[in-house]
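A.B. asks: Here's a sequence, model it:
(one chain, ligands or ions: 1)
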Amino acid sequence: MKRIGVLTSGGDSPGMNAAVRAVVREAIYQNLEVYGIFHGYSGLISGNIEKMELGSVGDIIHRGGTILYSARCEEFKTEEGQRKGVEQLKKFGIEGLVVIGGDGSYRGAQMLTKSGFPTICLPGTIDNDIPGTDYTIGFDTALNTVIDAIDKIRDTATSHERTYIIEVMGRNAGDIALWSGLAGGAETILIPEQEFMMEDIVNRLKRGHDRGKKHSIIVVAEGVGSGVDIASQVKEATGYETRVSVLGYIQRGGSPTAFDRVLASRLGAKAVQMLINGSEGRAVGIQRNRLVDHDISEVLAKPHEIDIDMYQLSKELSI
Ligand code: F6P
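C.D. replies: The predicted model follows:
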């Protein structure tokens, strides 16, 4: 293995740059040539590929986003698109690839593996919804963005004695909502993995109101539904003044936390070492603070599981 490539794909996440930096620096340290593939799989298909040097990844470890850009690519879901991609890799003499992204990106990597091209995946998404790893790159930073917002909203919620519904990202996973809701002291957390009854939410709000609570915070994962709809249902059922904040894309940016920078650096270097050692079709992760790797297909076949004990704890601590 003398020449490898790296790309970022899908929704970007803080820490992707740290991962790209680790892949480039570890590859050069191991005397490999390393090529950046720009704009994810669509850049792979179009040959948007450039050789990377040590300086190519200077001064980016603290920056959100990805210097390799990212994209969602329908064409790469087709056999023709995958064939074009492999053709480009071979044209540049690239012998192995590191893919940094979420589940959609893993499916592309699975296709590359099936076509015989050595590929290693890193979990780069704020959603924390990739099986085989306790944390994905960007999740911790997104959490800290959300709890900063919750703390700020709590101030105005108290001043005006309002009930706030805060909608957070997570596509179909409730991890951002659960962890930020617990950390932010939310009264109620709604996640797609757990059914809920509006009646229970209303009773919990009324219990708090009756014991003198000045405000309530409800954190809703986007996979559950619209925060605006939840707010109007709460208003109708309780008569309480409600407001909504849909946090949206601020959760995808910002300078990565130390945790995400270290996680990205460890996983990025590990992916390079695995390619050198002949591994392929593997997904790198961290479990109980140890670096692990799993077959990409096994990861994609497993359902994402949320920590139900934490969900129960969040309900107990916000009685
Ligand atoms: O997968 C990361 C994510 O931010 C999800 O949480 C969100 O639902 C989705 O990407 C948004 O996708 P897009 O950036 O294509 O609008």
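
A.B. asks: Quick one: the strands in this protein, in order.
C.D. replies: 3-8, 33-37, 49-52, 96-101, 119-123, 163-168, 188-190, 216-221, 242-246, 282-287, 290-295 (DSSP state E).

A.B. asks: Pick the most buried one from these.
C.D. replies: Among the strands of the chain, judged by mean count of other CB atoms under 10 Å, the one packed with the most neighbours on average is strand 119-123 (a mean of 32). Any C-beta I mention is one placed from the backbone N, CA and C, and that applies to glycine too.

A.B. asks: list the helices and strands that strand packs on?
C.D. replies: strand 96-101, helix 103-114, helix 258-276, strand 282-287, helix 296-301 (3 or more CB pairs under 8 Å, 6 or more residues apart in numbering; DSSP states H and E).

A.B. asks: Quick one: mean pLDDT for stretch 155-167?
C.D. replies: In this model, stretch 155-167 has a mean pLDDT of 96.

A.B. asks: what residues does that stretch touch?
C.D. replies: Stretch 155-167 is contacted from outside by 146, 149-150, 153-154, 186, 205, 214-222, 226-228, 230-231, 234, 238, 240-247, using CB atoms under 8 Å, 6 or more residues apart in numbering.

A.B. asks: Figure out the length between the terminal residues of that stretch.
C.D. replies: The straight-line separation of the ends of stretch 155-167 (CA to CA, to the nearest Å) is 17 Å.

A.B. asks: Give me the pLDDT for the residue lying farthest from the centre of the chain.
C.D. replies: Taking CA atoms, centre = their mean, the residue of the chain most remote from its mean C-alpha position is Asp210, at 38.6 Å. Looking at Asp210, its pLDDT reads 92.

A.B. asks: circling back to that earlier point, can you tell me which of the helices and strands packed on strand 119-123 is packed in deepest?
C.D. replies: Per residue and on average, the most neighbours among those fall to strand 96-101, with a mean of 30 (mean count of other CB under 10 Å).

A.B. asks: Relative to that one, what are the paired strands and their orientations?
C.D. replies: Within its sheet, and counting by DSSP bridges, strand 96-101 is paired with strand 3-8 (parallel), strand 119-123 (parallel).

A.B. asks: nearest to the ligand, of the ones you listed?
C.D. replies: Shortest distance between the ligand and the strands paired with strand 96-101, using CB to the nearest ligand atom, is found for strand 119-123: 11.2 Å.

A.B. asks: Contacts for the closest one, please.
C.D. replies: In contact with strand 119-123 (CB under 8 Å, 6+ apart) are residues 19, 96-102, 105-106, 109, 112-113, 130, 132-133, 135-137, 264, 267-268, 271, 274-275, 279-285, 293, 296, 299.

A.B. asks: near the ligand too, which of these?
C.D. replies: Restricting the contacts of strand 119-123 to those near the ligand by CB under 6 Å from any ligand atom leaves Gly102.

A.B. asks: ok, the residue of the stretch 1-150 of the chain found nearest the ligand - contacts?
C.D. replies: Residue nearest to the ligand within the stretch 1-150 of the chain (CB to the nearest ligand atom): Gly11, separated by 3.0 Å. Applying CB under 8 Å, 6+ apart to Gly11 gives the contacts Ser70, Gly102, Thr125, Ile126, Asp127, Arg171, Arg252.

A.B. asks: Most proximal residue of the stretch 201-319 of the chain with respect to the ligand?
C.D. replies: Closest point on the stretch 201-319 of the chain to the ligand, by CB to the nearest ligand atom, is Arg252, at 5.4 Å.

A.B. asks: What separation do you get for the residue lying closest to Gln30 once chain neighbours are set aside and Val34?
C.D. replies: For Gln30, ignoring the flanking residues on the chain, the nearest one in space by CB to CB, 6 or more residues apart in numbering is Ile276 at 5.9 Å. From Ile276 across to Val34, the span is 12 Å (CB to CB, to the nearest Å).

A.B. asks: got the residues of the stretch 101-250 of the chain near the ligand?
C.D. replies: Gly102, Thr125, Ile126, Asp127, Met169, Gly170, Arg171, Glu222.

A.B. asks: top of the residues you listed by neighbour count?
C.D. replies: Ile126 (32 neighbours; other CB atoms under 10 Å).

A.B. asks: how about it, what does it touch?
C.D. replies: By CB under 8 Å, 6+ apart, the residues touching Ile126 are Gly11, Ser13, Pro14, Thr136, Gly138, Phe139, Thr141, Ala142, Met169, Ile176, Gln251, Arg252.

A.B. asks: 10 Å instead, please
C.D. replies: Contacts for Ile126 (CB atoms under 10 Å, 6 or more residues apart in numbering) come out as 11-15, 102, 136-143, 145-146, 168-171, 173, 175-176, 251-253, 260.

A.B. asks: How about Ala19?
C.D. replies: So Ala19 contacts 6, 8, 13, 61, 66, 98, 100, 122-124, 137-138, 256, 260-261, 263-269, 271 (CB under 10 Å, 6+ apart).
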